[in-house]
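**Student:** My questions are about this predicted structure, shown below with the sequence.
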Amino acid sequence: MTHDPMHGDEPLTDEAVVDATRDWLEKAVIGLNLCPFAKAVHVKRQIRYVVSQATDEEGLLQDLLHELQLLASADPGDIETTLLVHPYVLRDFLDYNDFLDLADAAVEELELEGVLQVASFHPDYQFADSEPDDMANFSNRSPFPTLHLLREDSVDKAVAAFPEADRIYETNIGTLRRLGPDGWKALWRK
């Protein structure tokens, strides 16, 4: 079972969505060192959190286009990366996965290929050829469907500065499998 604050007692406000996403970032992504590059931008408060109110793919696409343009024109010192969280649309992982082609097309349409890229996180994330309960999937499981907008220059610099960056995925699988389902659930206990 994934961490899903939508089934908690708190109302689903933008603040609750951002708090749950930040909690996931701190406890899982940074806490388990799933992404060695996340801590610096988090500490420097260079992550933009945006909650989309979209209830259909067209609305989400408009929000995505807006956020891609905003990130491309922003100073990296102010906004290094954006988490576009969309709790009301694409809750089904297969639908979400299909939408990723539209996200890539949006980057292309704005002529931002090689400048920005979109990474994917979802409560039911599942890598191809993996079982739903494989702990490896949890490296990309967020509390809500989320499109992560990244600067390619920043990704390139981070990878160049991090020895064995190509082994991060393998390391994450080991970490998550050692943690197991009970360990994952324990991360979310208050």
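**Tutor:** That came in fine, so what should we check first? Numbers count the residues shown, from 1 in each chain.

**Student:** buried set for stretch 96-106?
**Tutor:** 96-97, 99, 103, 106 (16 or more other Cβ atoms under 10 Å). In short, each C-beta sits where N, CA and C put it, glycine included.

**Student:** can you pull the alpha-carbon coordinates of that stretch into PDB?
**Tutor:** Extracted as PDB, the C-alpha positions of stretch 96-106 are listed here (Å, rounded to 0.1, in the frame of the first residue of the first chain):
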ATOM      1  CA  TYR A  96      -1.100   8.700 -16.500                       C
ATOM      2  CA  ASN A  97       1.600   6.600 -18.300                       C
ATOM      3  CA  ASP A  98      -0.200   7.400 -21.700                       C
ATOM      4  CA  PHE A  99      -0.200  11.100 -20.800                       C
ATOM      5  CA  LEU A 100       3.600  11.100 -20.500                       C
ATOM      6  CA  ASP A 101       3.700  11.100 -24.400                       C
ATOM      7  CA  LEU A 102       1.700  14.300 -24.300                       C
ATOM      8  CA  ALA A 103       4.100  15.800 -21.700                       C
ATOM      9  CA  ASP A 104       7.000  15.000 -24.000                       C
ATOM     10  CA  ALA A 105       5.200  16.500 -27.000                       C
ATOM     11  CA  ALA A 106       4.500  19.700 -24.900                       C
END
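
**Student:** mind listing the strands for this structure?
**Tutor:** 47-51, 81-85, 116-121, 146-151 (DSSP state E).

**Student:** re the thing from before, between which two of the buried residues of stretch 96-106 is the distance greatest?
**Tutor:** Asn97 and Ala106 (15.7 Å; Cβ to Cβ).

**Student:** From Leu187, how far out is the residue most central in space within the chain?
**Tutor:** In the chain, the C-alpha nearest the mean C-alpha coordinate belongs to Phe121, at 4.2 Å (Cα atoms, centre = their mean). Phe121 is 16 Å from Leu187, where distance means Cβ to Cβ, to the nearest Å.

**Student:** Throw the buried residues of stretch 96-106 into a markdown table and include pLDDT, thanks.
**Tutor:** Below are those laid out as a markdown table (pLDDT from 0 to 100):
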| residue | pLDDT |
| --- | --- |
| Tyr96 | 98 |
| Asn97 | 97 |
| Phe99 | 98 |
| Ala103 | 98 |
| Ala106 | 98 |
